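Visitor: Return atomic coordinates for the entry below.
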Amino acid sequence: MKGKILNLIFFIVALKGMLIGVYHLYLPVHWQWEAGLKETPEILRWALFALNDMWSVIIILLHALLLFFFRKGSEIRRYYLGLFLAIYWLFHAIIISINPIPMPLQLQWMLVILISMPYFQSLILAIGAWSTRSKLKNNL
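Guide: Next up is the predicted model:
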């Protein structure tokens, strides 16, 4: 039972990672980046949008790959990719803890959620990778 619950949580976190990537594709429209960047040189606007798009696609693909490994039972690949993503999200969490996302005053309360989400993502991915590691050890 414990393994099924852990697998479900791991699956949800991998799916959540994909949804974060999808939301980031919409983020520039939602936060009206274009309106705020009118005075910015065109090459910098292009770079910002391109960077956001590429980051979004990479996050979607890596989490989709993790879900694929999850379904196909590729435990060694799931372990290494889960570990890599756990380290990535931990690094992301530390960076935004040190340098928080600028938020309007009325949305400052959201910082707690936005800063804690990557820590949670990292923790669950690390637990998932760790549980896969123990299965790998038993198979050797």
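Visitor: mind listing what's buried in the helix or strand Ala129 falls within?
Guide: Assessed by DSSP states H and E, Ala129 sits inside helix 110-139. Using 16 or more other Cβ atoms under 10 Å as the test for burial, helix 110-139 gives 117-119, 121-122, 124-129, 131-133. C-betas here are computed from N, CA, C, even on glycine.
Visitor: what's the answer for stretch 48-60, then?
Guide: By neighbour count on 16+ other Cβ under 10 Å, the buried set for stretch 48-60 is Ser56, Ile59, Ile60.
Visitor: ok, so of those residues, who is nearest Gln106?
Guide: Proximity of these to Gln106 (Cβ to Cβ) peaks at Ser56, which lies at 26.4 Å.
Visitor: which ones are touching the closest residue to that closest one other than its chain neighbours?
Guide: Using Cβ to Cβ, 6 or more residues apart in numbering and skipping the chain neighbours, the partner closest in space to Ser56 is His24 (4.0 Å). With contact taken as Cβ atoms under 8 Å, 6 or more residues apart in numbering, His24 is in contact with Asn52, Trp55, Ser56, Ile59.
Visitor: Show the model's pLDDT score for the last one.
Guide: Taken from the predicted model, the pLDDT recorded for Ile59 is 97.
Visitor: now the angle from the helix or strand hosting it to helix 110-139?
Guide: Per DSSP H and E, Ile59 falls inside helix 42-72. For helix 42-72 against helix 110-139, the angle by axes from the mean of the first three to the mean of the last three Cα atoms, to 10 degrees is 40 degrees.
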